[in-house]
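1. Just to be clear, the model below is a prediction. Sequence and coordinates:
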Amino acid sequence: MANLTKTYIDNIKPPEKGQKLIYDDELKGFGVRVTKTAKAYICQGRVKGRVKRVKIGNHGAWTLDNARKKAREHLANMANGIDPNQEKKVQAVRALTLEEVKEDYIKSRNLKESSIKDYNKHLNGIFKEWKDQPVTVIDREGVKKLFEKASKASKAQANQAFRILRSLINYAMENYRPGNRPIILENPVKVLSATKRWHSIKPRNSKITTDKIGRAWTCIQQEMSLPVQNHTSRSIIDLIAFLLLTGCRIGEARALKWENVNLKEAYWFIQDPKNNNPATLPLSSQALQVLKERPVINEYVFSRESGKGHVTDVRFTMKKINKAVGIHLTPHDLRRTFQAIAGECGIELYKTKLLMNHKLNQDVTISAYTETSDLQYLKSEIQMIGDWIEKQVPITANSDNEDLLDILFPEFST
């Protein structure tokens, strides 16, 4: 015990090791902790019979009077059963921003790059005003207003963004519980379900109709043979051809590396698919030819001009195919087109789903007794699809092909 003054504290000699605890004889429980490297104000009391010690702050950064005042607050709280250390943790957690929660969430999950991209996109877009605010300040009324605003731009994007927000807040509710006390008692995004605000989005069902496959394939072949073409544009049209010939997801094709392609045995390997079922898939002769003509620039099959990374934006080339078939298509629509072609070829649905690397969860018997990781036994089926596509080109009349050239490449028309 000592009469703590600034001069007294300044003159305390630090110990060679360990710590010294010197308590004030004016305010019981208030004192100074001295170590070899620092002097810090502390206070000590009991909370529900258990001794609790709280660091107030370092001597110098805190004045003696301010430290003593803060000690009185802590001691009063302790007398009322409140643990100041626990409250510090609670306040720290309450201050966590939506951005910080998102970063923690991503680290705790094995998310795909596309999913991470969606999380970042919405936090920097729809939730831009919220991302640096504490997640605890998001309330039901704010959710309703922002959802309505976001819906005016895109109903589908509003749905996706607020499902992401719901996931982040659920994560915060379960993982940030200082003293096993939740900092968020209810997910405010629940208000969208309670008030029936979620939008009903009809699933896309766009695809190239079978009578237009010839035009689409002709367009792809003509784009490949363009005299004015750089490495990137050729990579893009080759990727689009690969999508149509294999029915794979665009993310799987873009990320395809040469190490996962076997040109000699005519197969390729999806290492990290959406359904978490790595698979070896056969290649038709048409798809194999596309790959054989690809130059090896870097590790990616569909590489960029710069030699770094793979191609990403295929919209410009897709617009040309859209003109050819007279419908707005996305790369994913080529996947649905592949399924339609398989139907035309009479390929059983479960085999088609295997080739598209769908999970077989509808038929337990098929799921249990069918090889789903090495699909080279479906070589004849994938070849049927490639041959069917190729055979559609002669069906397109020569005059139709000439019209197609004029539509797609007017710069080369005479």
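-> Perfect, thanks for sending it.

2. CA atoms for contacts and neighbours, from now on please.
-> Fine.

3. where along the stretch 301-414 of the chain do the helices fall?
-> Along the stretch 301-414 of the chain, counting by DSSP state H, counting those that start in this stretch, helices occupy 315-325, 331-344, 349-355, 364-369, 379-395, 398-408.

4. any idea which of those helices is most buried?
-> helix 331-344 (a mean of 21; mean count of other Cα atoms under 10 Å).

5. now it and helix 379-395, what's the angle there?
-> Following axes from the mean of the first three to the mean of the last three Cα atoms, to 10 degrees, one obtains 100 degrees for the angle between helix 331-344 and helix 379-395.

6. Show me the domain layout of this protein.
-> 6-82, 98-194, 210-412 (automatic domain parsing).

7. Going by mean pLDDT, which of those comes out lowest?
-> Note on the domains of the chain: domain 210-412 shows the lowest mean pLDDT, a mean of 85.

8. about what we covered before: could I get the domains of the chain as a markdown table with distance to Lys202?
-> Shown next, in a markdown table, are those (distance: least, Cα to Cα, whole Å):
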| stretch | distance to Lys202 |
| --- | --- |
| domain 6-82 | 53 |
| domain 98-194 | 10 |
| domain 210-412 | 15 |
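
9. Select, out of those, the one closest to Ser200.
-> Counting by Cα to Cα, Ser200 lies closest to domain 98-194 out of those; the figure is 8.6 Å.

10. Quick check: end-to-end length of that closest one?
-> 23 Å (Cα to Cα, to the nearest Å).

11. any idea how far that domain is from the chain center?
-> Computed by Cα atoms, centre = their mean, to the nearest Å, the separation of domain 98-194 from the middle of its chain amounts to 13 Å.

12. For Val90, find the nearest of the domains of the chain.
-> Nearest of those (Cα to Cα): domain 98-194, 5.8 Å.

13. So which residues of the stretch 151-300 of the chain form strands?
-> 261-262, 267-270, 279-282 (DSSP state E, counting those that start in this stretch).

14. Adjacent strands (with direction) for the first one?
-> Strand pairing for strand 261-262, determined by DSSP bridges: strand 267-270 (antiparallel).

15. contacts for the strand it pairs with?
-> Glu252, Leu256, Asn260, Val261, Asn262, Pro278, Ala279, Thr280, Leu281, Pro282, Leu283, Gln376 (Cα atoms under 8 Å, 6 or more residues apart in numbering).

16. hmm, which of the residues you listed are the buried ones?
-> Glu252, Leu256, Asn260, Val261, Pro278, Ala279, Thr280, Leu281, Pro282, Leu283, Gln376 (16 or more other Cα atoms under 10 Å).

17. so how many other residues sit close to the closest residue to the fourth one other than its chain neighbours?
-> Nearest in space to Val261, with sequence neighbours left out and distances taken as Cα to Cα, 6 or more residues apart in numbering, is Trp268 at 4.4 Å. Neighbour count for Trp268, taken as other Cα atoms under 10 Å: 21.

18. Many thanks, we can stop here.
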